[in-house]
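Student: One predicted model, sequence on top.
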Amino acid sequence: MCRIGTVADEMDHHPEWTLREGELEIRLSTHDIGNRISLKDYVLASWVETVLHGKEISTLVVDGWNAKGIQLEELN
Ligand SMILES: C[C@H](O)[C@H](O)[C@H]1CNC2=NC(N)=NC(=O)C2=N1
């Protein structure tokens, strides 16, 4: 959580999260564009995946502010 929080602070992008009985739930959206999913959410999601599972985004489909698709790839 500390590592994810540090990245979120550096990006000035703050997820909503709940820690309950050892389970961490992270909800990502961008308030500045009406709580939709933006590129920042995918970038932060990529960081979370990297921290938790050693995976990162390999393909990202972007349309303006909106991210439309995502593919994750194992890090070697
Ligand atoms: C002014 C400041 O950059 C904005 O309020 C940032 C702060 N953190 C944020 N976090 C999230 N999740 N969405 C935002 O739109 C957002 N905006």
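Tutor: The structure has been received and is ready for your questions.
Student: When you work out contacts or count neighbours from here on, use the C-alpha atoms and nothing else.
Tutor: Fine.
Student: Next one: the spatially most central residue of the chain from Glu21, what distance?
Tutor: Nearest to the geometric centre of the chain sits Ala45, at 1.9 Å (Cα atoms, centre = their mean). In this structure, Ala45 and Glu21 are 22 Å apart, going by Cα to Cα, to the nearest Å.
Student: just Gly69 next, same as before
Tutor: Separation of Gly69 from Glu21 (Cα to Cα): 31 Å.
Student: For these two, work out which one has more neighbours and name it.
Tutor: Gly69 (11 against 6; other Cα atoms under 10 Å).
Student: can you confirm that one is in a strand?
Tutor: Yes. Membership of Gly69 in a strand is supported by DSSP: H, G, I helix; E, B strand; the rest coil.
Student: Which of the helices or strands spans Val43?
Tutor: Using DSSP states H and E, Val43 maps to helix 39-53.
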